[in-house]
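Chemist: Everything below, folded, please.
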Amino acid sequence: MDRSFTPAAVTDLAEAVERDGLDAHAATLFALADRAAVVGVRPVVVGVMLDATEPVVARLRAFTLVAAAVAHRAVRGMTGLAGAARSTEPALV
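Modeler: Numbers count the residues shown, from 1 in each chain. Next up is the predicted model:
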């Protein structure tokens, strides 16, 4: 898995999670969580995604929010907008 988390890489991860489940991709989810912290995703959402004791449906919903936020910020970075609105945008999810 490409740790740069481009939109294509996030899509690949989502497909792998759908196929194999979250726990099969724990190492990649931890890397995604690190990236999510950098782009401003709220820690509680990331925590639910990583917590194996949470209900699967809650973890999958959290994964969706985290993945979307990381992919969104990757696109903003590709278009040169990453720093322009960063300081004025609220924390994601």
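Chemist: Quick check: closest non-adjacent residue to F30.
Modeler: Of all residues not flanking F30 in the chain, L50 sits nearest, at 6.9 Å (Cβ to Cβ, 6 or more residues apart in numbering). C-beta: built from backbone N, CA, C; applies to glycine.
Chemist: Could you tell me which residues make contact with that neighbour?
Modeler: Applying Cβ atoms under 8 Å, 6 or more residues apart in numbering to L50 gives the contacts 29-30, 33.
Chemist: cool, A67 as well?
Modeler: Contacts were defined as Cβ under 8 Å, 6+ apart; by that measure A67 touches 10, 13-14, 32.
Chemist: got the buried residues for the helix or strand hosting it?
Modeler: Here A67, judged by DSSP states H and E, is contained in helix 56-78. Residues 59-60, 62-63, 65-71, 73-74, 76 are the ones in helix 56-78 that count as buried (16 or more other Cβ atoms under 10 Å).
Chemist: Report the lowest-confidence entry in those.
Modeler: The weakest per-residue confidence within those falls on R76 (66).
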